[in-house]
Structures are given as structure tokens and as C-alpha cells.
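Sequence first, predicted model second:
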Amino acid sequence: MSNPFSPFEFFGEFTDEQTRKELAEYIFYYLQNKYNKPIPMSNVNIENFGIAIDNILSNKTMQELCAKDPILAEQITLDILDFISKTYRHLRAIENPFEEEQAILNSFEQTNEDTFEKSWETTAPFVQKTYEQRIINTDFYYKKFQKSLTRSKKGKIDKNFEIVKKHFIGRWQGFLSQKKMKRELDIIDEERKVFCEELYKQIEELKKLQELLEPFEGELGRLWSMGKGRWQKVNFVILKEYAKLLEQDKSLQELAEMLGRLRQAEREYEEEIFAKDKIMEPSWKAEHASKAELVGIHESDDISSMLPAETALLANEATVPLFYKKFAEKKLQTFKYQAPDQVSEISLEKQKKKEETKGPFIICVDMSGSMHGTPETIAKTLCFAILKIAVRDNRKCYLISFSENIETINLTDLKNNLEKLIEFLAMSFNGGGTDPNPPMKEVLRVLETEDYKKADVIMVSDFIMPDFDKKVKNQVIAAREKKNKFHSLVIGDSGNKDVLKEFDNNWVYDPNNHDNVLKLVKDINGIYTTNNNID
């Protein structure tokens, strides 16, 4: 398995290879809640970035999501490593405001007793201008230097000059390093704020999306890779609208659940019918687990029923082999019992076997110009609600969008098509006219495949369209005979009723009446015939 962090570890400019490797590993495992301590490294570069990294990693929502999804943890680790590399290069590229001070300090570091006076003429004014006397007292140091030089001129051995110089340079370098570090930390923190603003925004969006796409939770890692521009294509307004509609209008949610209940109701209804064909017949059945009446002695290997004489064989080492021989040959003398016979109820094969597998979905969504606006939101909302049911119940789903042309998404392989589904939810409905024949022909073709037999076909539209061709109508009738069902969700009240007659069930969504969205929700269990909602 390839290491996704290799480019950073082997080719990064930041610190050394081993430290980069440890840092990448630390971030990745911390995101998955496998580490809970600060960065365990003392490298000066790590120290400067350590506060920022720990701050980035402190986001609890991000940790919760990454703990469940290693793919997401990997992607965010890559993003953080990219932030480190870019910020490090930025620090090296921008102008260093302390370059002159460092040069003066380095120059004074080379001074000796002979060059001190000349060097001090340049150094002292700069230090006095840069630092307050209480921080670096140049008068104090000058007196110390002069005392040391006086002793040297008198021919006395005095090492104090180097000691004073070392103390002076050390104090100066300490304050200069603090300024450099503060500047670097300030720049890193500014970059971190920009990075975190975008990162946490995506994290929150991802969490919201996770709540709405709960059945798709296992595939959310793929959504993160849609970032870097593509992430923004996800229309979160549509997803929020979905949640809002479900909260405000429980009947819409019930519609999405209703298809599954229809199938279950049919199975229960059929079982009730066939239950009438059940008959009661007496049958003799021995219960071997219970002992009732002793009827004799026979040979067997039933140790729990063997005679005492057989047990005695185990008391003597010489006869133990004989016991095992008789046991292996099932020739132990054992009591024979007979349980009382009982009458049991049996059912004839007339009872139909209960259907175990729920059928697949084929969803047709009208994307013509007349669907723009509120009907578009409703269509996407219902489509998404049904897809949630499909994923939750492990039902295959085939999505067809149509106007003048058709586009299809086979969601049987959700992992490789989730991106297309998200793009569909973000798509704007601005097509031309509506021809119902191409999408229905595609439906009929799919119904002939092995994966989509006994399917529920749902067409979502305002049904402002011409009637189906006669050939298509006949094919729909033939498909219905193969136990496929055709449902329509009519948005508005201007639909072509001749078209709607071709569906088993017709549900009406009135966007102007949230209290009476679906008339059939209350009595759906009584519907098994065609054209129940057509006047």
C-alpha cells in the first residue's frame, strides 16, 4: 500500500526527513483519536509550527468525523501538511526585518580587544535605539568592557573581556531570537486562521451533509475529495431544503416510506388469503428430548441411559478399554424409552412463500423548463427521500432525468456514482419541452435486466406533457403483468390526465397546500388498483 504522505516526507523543505515522517504520522493518528498529547518533538521548526498544528487539530467535530473515516483523516492530514509546506516557504520568501540587526550582532561577535572601540561606536547606538536600557543596558556593558581593557593594558592577564562579550551577545541574541520567533509565530497564526476558516467551514458542511445523507455515511470520504473547487458544486441549499420540507410536511416523508409499506401490505394480504387454505391434520411426532415411558433395554451409545453394569466397567483399569469398545460400536446396554406422541399442526404447500427481498427503484425526474423553481426543489426532495429508502433497505436504484433528452445514473454501485448523484442535486432545471416516451422506453429496457425485475417505477413531474405512444402503453401493460408497479408524483394540478391513467398509483403534491400535500397518505393501504387518484 502506497504512503500518501511520501511527497511531504521525502521531498519537503521543512526541517529533516525523519521529523517530517514523524509529524505526518502524528497528525494522521491524532485525527483518529489515537494520540491525545501535544506534538512530542523538540525541533525548533516544529516548535514554531507546533502551536498552530495543535490548534488546528483541536476541532472536536473534525476529530469525530475522522475517527469514523480513515479516508477523511488521510485527506485532512494531507491538507495540513500542505499548509505547513506553503507557510514555511512563505516565511523564507518574505523580507526579513531583522536582517540588519543580525548582521551588526554578527559583526560585533568578531570584535576583540584591539577593535572594540571602533566596533562599539557602531553597535552601541543601534542597540540603544532598538532596546530600552532596562532590557539591554549598554552603559553597564561598556563599563565592564573598559574595566577589562584597562587591566589588559597594565599587562595583567584578564579573561573578562570575552566573558563580558559572551554575556552581552547572548542577551542580545536572546531578545533578537524572541522577536524573530514572535514574528514567525504571528505569520504562522495568520496563515492558520485563513486555513482553519476554510477547513472548519468544510468540516461543518460535511457534518451537516452527513446528517442529511446518513444512509450514505460509509461513502462520505469520497465527498471530501470533491473539494478544491469541486466541493463547492454541492448545492447545500437543496439538502437543507430537503430537511426543512421533511420537518414541515410529514406527509412527504410518509410518501417516501409508503412504497415499502405497499409491498409489505401486499405480502400480508396474500398471506391472509392463503391462510384460509391451511388445514389441520394429526401427525405423530416423537419428542426425543423427553423421556416418559420405559419400554425395554437395547444396545446404543446413549451414556445417559446405560445400565449400572456398564458403568462398572469404568471402575477397573482392566475393563476400561472394553467400555470404550462397546461405546464406539454402540453396543452399550441402555434403557429404551418412548415419548408420548403429540398432534402437530402442519400447513399445506398452498401457502405462498413470503417474499424476502424488496424490489428495486427506478426514478424518473422531469427536468424540463416548466419544472423550474419550486417544482424543481420538490422533485429533488422526493428523489432524494426515495434514494435514502433505497440505500437503507439495500434496494437497487436507477435514476433517469429527462426533458428533451435523457441522462441516467445506475446507483446499484453507489460508491462510484455518489458524485453524480450530488451533481444531480446541484443541477438546475432549465431544459426545454417534455417528451415522456424516451424516459419510459429507458424504464422498460431496464426492467428487462436481471437487477431490476419486480421494480417500483416512480415518475416525478408536473405532467405537462403529451400522451405516451400506443406502443409504449402496451409495453407498460406487459411490464405490469410481470409484477412491476408504476407510480406517479404529480407536482401541481395541471397535469395531463390521459398520461396519468397509465400509472398504478398517482400522488399529487400541491406546493400551495402543505396541510393536504398527499391525499392518499391516509388510506394508502387500501390501494391496489390503477388510477385511484384520477378524476
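Noted; the coordinates are in hand.

Tell me both backbone torsions, phi and psi, for Val508.
Reported as degrees, to the nearest 10, the phi and psi values for Val508 are phi -110, psi 130.

so how far is Phe145 from Tyr337?
Applying C-beta to C-beta, to the nearest Å, the value for Tyr337 to Phe145 is 115 Å. C-beta here means a position set from N, CA and C on the backbone, and glycine is covered the same way.

Which one's more surrounded, the two?
More crowded of Tyr337 and Phe145, by other C-beta atoms under 10 Å: Phe145, with 20 against 15.

which SS state does that one fall under?
In three-state terms, and counting by DSSP: H, G, I helix; E, B strand; the rest coil, Phe145 is helix.

OK, contacts around the nearest residue to it once chain neighbours are set aside?
When the adjacent residues along the chain are set aside, Phe145 lies closest to Val164, with 5.7 Å between them (C-beta to C-beta, 6 or more residues apart in numbering). Under the criterion of C-beta atoms under 8 Å, 6 or more residues apart in numbering, the neighbours of Val164 are 141, 144-145, 148.

can you give me the mean pLDDT across the helix or strand harbouring Val164?
Per DSSP states H and E: Val164 is located in helix 160-212. Taken as a whole, helix 160-212 carries a mean pLDDT of 89.

just stretch 140-154 next, same as before
Regarding stretch 140-154, the rounded mean pLDDT is 82.

what's downstream of the helix or strand of the chain with the lowest mean pLDDT, the next helix or strand?
Within the chain, no helix or strand scores below strand 342-343, which has a mean of 44 by mean pLDDT, DSSP states H and E. Next in sequence after strand 342-343, counting helices and strands by DSSP H and E, comes strand 361-366.

That following strand - which strands sit beside it in the sheet, and in what orientation?
Using DSSP bridges, strand 361-366 pairs in its sheet with strand 397-402 (parallel), strand 456-461 (parallel).

got the CA coordinates for it in PDB?
The C-alpha trace of strand 361-366 is given here as PDB (Å, rounded to 0.1, in the frame of the first residue of the first chain):
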ATOM      1  CA  PHE A 361     -36.500   1.500  -7.600                       C
ATOM      2  CA  ILE A 362     -36.400   3.300 -11.000                       C
ATOM      3  CA  ILE A 363     -36.900   7.000 -10.600                       C
ATOM      4  CA  CYS A 364     -37.700   9.300 -13.500                       C
ATOM      5  CA  VAL A 365     -37.400  13.000 -12.800                       C
ATOM      6  CA  ASP A 366     -38.700  15.700 -15.100                       C
END
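
what about Asn496, neighbour count?
Asn496: 18 surrounding residues under other C-beta under 10 Å.

Verify the stated contact: Leu322 with Leu313.
Yes: the pair Leu322 / Leu313 is scored as a contact, 5.7 Å apart, by C-beta atoms under 8 Å.

Confirm Thr111 sits in a helix?
No: using three-state DSSP, the secondary structure at Thr111 is coil, not a helix.

Who are the contact partners of it?
119-120, 165.

May I see those residues organised as a markdown table, with neighbour count and distance to Phe11 added?
Listed next are the contacts of Thr111 as a markdown table, based on neighbours: other C-beta atoms under 10 Å; distance: C-beta to C-beta, whole Å:
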| residue | neighbour count | distance to Phe11 |
| --- | --- | --- |
| Ser119 | 17 | 43 |
| Trp120 | 18 | 47 |
| Lys165 | 20 | 42 |
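
Work out for me the element the nearest residue to Thr123 once chain neighbours are set aside sits within.
Spatial nearest neighbour of Thr123, chain neighbours left out: Phe108 (4.7 Å); criterion: C-beta to C-beta, 6+ apart. Assigned by DSSP H and E, Phe108 belongs to helix 99-109.

go on, Leu322?
Leu322 is located in helix 320-328, with elements delineated by DSSP H and E.

which secondary structure elements does that helix contact?
Contacting helix 320-328 under the criterion 3 or more C-beta pairs under 8 Å, 6 or more residues apart in numbering; DSSP states H and E is no other helix or strand.

tell me which residues of it are tucked away?
Residues of helix 320-328 classed as buried by neighbour count (16 or more other C-beta atoms under 10 Å): 323, 326-327.

Quick one: work out the angle between whatever helix or strand comes next after it and helix 320-328.
Where DSSP H and E defines the elements, the next helix or strand beyond helix 320-328 is strand 332-338. On the basis of axes from the mean of the first three to the mean of the last three C-alpha atoms, to 10 degrees, strand 332-338 is oriented at 40 degrees to helix 320-328.

pLDDT of strand 332-338, averaged?
Rounded mean pLDDT across strand 332-338 is 77.

Using CSV, write down the CA coordinates of it.
C-alpha atoms of strand 332-338 as CSV (Å, rounded to 0.1, in the frame of the first residue of the first chain):
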residue,chain,number,x,y,z
LEU,A,332,-23.7,-50.5,25.5
GLN,A,333,-26.7,-51.9,27.3
THR,A,334,-29.1,-49.0,27.7
PHE,A,335,-32.7,-48.4,28.8
LYS,A,336,-35.2,-47.8,26.0
TYR,A,337,-37.8,-45.0,26.4
GLN,A,338,-40.7,-43.9,24.3
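
Go through that strand and flag the buried ones.
Within strand 332-338, the residues scored as buried using 16+ other C-beta under 10 Å are 332, 334-335.

All the helices of the stretch 1-150 of the chain, in order from the start?
Taking DSSP state H, counting those that start in this stretch as the test, the helices found in the stretch 1-150 of the chain are 6-11, 17-31, 44-57, 60-68, 70-93, 99-109, 116-130, 138-153.

Adding distance to Pro308, write these out as JSON lines.
Formatted as JSON lines, the helices of the stretch 1-150 of the chain follow (distance: least, C-beta to C-beta, whole Å):
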{"stretch": "helix 6-11", "distance to Pro308": "77"}
{"stretch": "helix 17-31", "distance to Pro308": "67"}
{"stretch": "helix 44-57", "distance to Pro308": "75"}
{"stretch": "helix 60-68", "distance to Pro308": "64"}
{"stretch": "helix 70-93", "distance to Pro308": "65"}
{"stretch": "helix 99-109", "distance to Pro308": "104"}
{"stretch": "helix 116-130", "distance to Pro308": "109"}
{"stretch": "helix 138-153", "distance to Pro308": "110"}
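
can you tell which of these is closest to Lys485?
helix 60-68 (37.0 Å; C-beta to C-beta).

mind checking the end-to-end distance for stretch 452-468?
In stretch 452-468, first residue to last residue: 22 Å (C-alpha to C-alpha, to the nearest Å).

tell me the mean pLDDT for stretch 471-489?
Average pLDDT, stretch 471-489: 92.

What lies in contact with stretch 303-310?
Stretch 303-310 has contacts (C-beta under 8 Å, 6+ apart) with 297, 323, 326-327, 332-337.

if we can go back for a sec, from the contact counts, what lies against the helix holding Phe108?
Packing partners of helix 99-109 (3+ C-beta pairs under 8 Å, 6+ apart): helix 116-130, helix 160-212.
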